[in-house]
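>>> Build me a structure from this.
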Amino acid sequence: MTSQRRLARERVLQALYAYDISQSPPDFLSQDIFKDIEIGPHLEFAKKLYRDTLGNMDGIDAILQHHLEHWDITRVNPIDRGLLRMGVAEILYCEEIPTKVTINEVIELAKRYSTEESPKFVNGILDAALKQLSKEGKVKKTGRGLINTSSKKSI
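Sure thing, here's the model as predicted:
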């Protein structure tokens, strides 16, 4: 059984793919694609992730491009490109979701919707991007179990 949060991510991936291929208006695409997500926090999560991904795509693509050795982001297969963009957006803009959860969820979607090599590829790129973003202080996670406790002094 698919969780509502995973269903939300699947629908965001579908909407990103449709946008990437058709360049149709984003709101037009999401209305139909998000219709089977229960109204409530999961629908809001899907809408936020979709908006954050599209609204920050140039910056997200620049982050990804940095880690795509000898490849241009436009040459990455559209499913993997959507997964990578969505993963970076979730790392950067969904403060309540642990980065490990994000990467694991994106890998699971890659296994289901992309090629046999995609999970390893997506994992490698997202892991490298996470290291870069963490080093630059751009990963801000808050909430239970997400606050970095390594800076606490021992008594």
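
>>> which stretches of this structure form helices?
Counting by DSSP state H, the chain has helices at residues 4-22, 26-33, 41-55, 57-67, 78-93, 99-113, 118-135.

>>> In PDB, list the C-alpha atoms belonging to the second one.
As requested, C-alpha coordinates have been extracted for helix 26-33 and formatted as PDB (Å, rounded to 0.1, in the frame of the first residue of the first chain):
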ATOM      1  CA  PRO A  26       2.000  24.500 -14.300                       C
ATOM      2  CA  ASP A  27      -1.400  25.000 -12.600                       C
ATOM      3  CA  PHE A  28      -3.300  23.400 -15.500                       C
ATOM      4  CA  LEU A  29      -1.100  20.300 -15.200                       C
ATOM      5  CA  SER A  30      -1.300  20.000 -11.400                       C
ATOM      6  CA  GLN A  31      -5.100  20.300 -11.100                       C
ATOM      7  CA  ASP A  32      -5.700  17.000 -12.800                       C
ATOM      8  CA  ILE A  33      -2.600  15.100 -11.600                       C
END
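
>>> which stretch among the helices of the chain comes nearest residue 141?
Of all the helices of the chain, helix 99-113 sits nearest to residue 141, with 7.0 Å by C-beta to C-beta. (C-beta placed from N, C-alpha, C; glycine too.)

>>> Can you name every helix or strand that that closest one contacts?
Under the contact definition 3 or more C-beta pairs under 8 Å, 6 or more residues apart in numbering; DSSP states H and E, helix 99-113 sits against helix 4-22, helix 78-93, helix 118-135.
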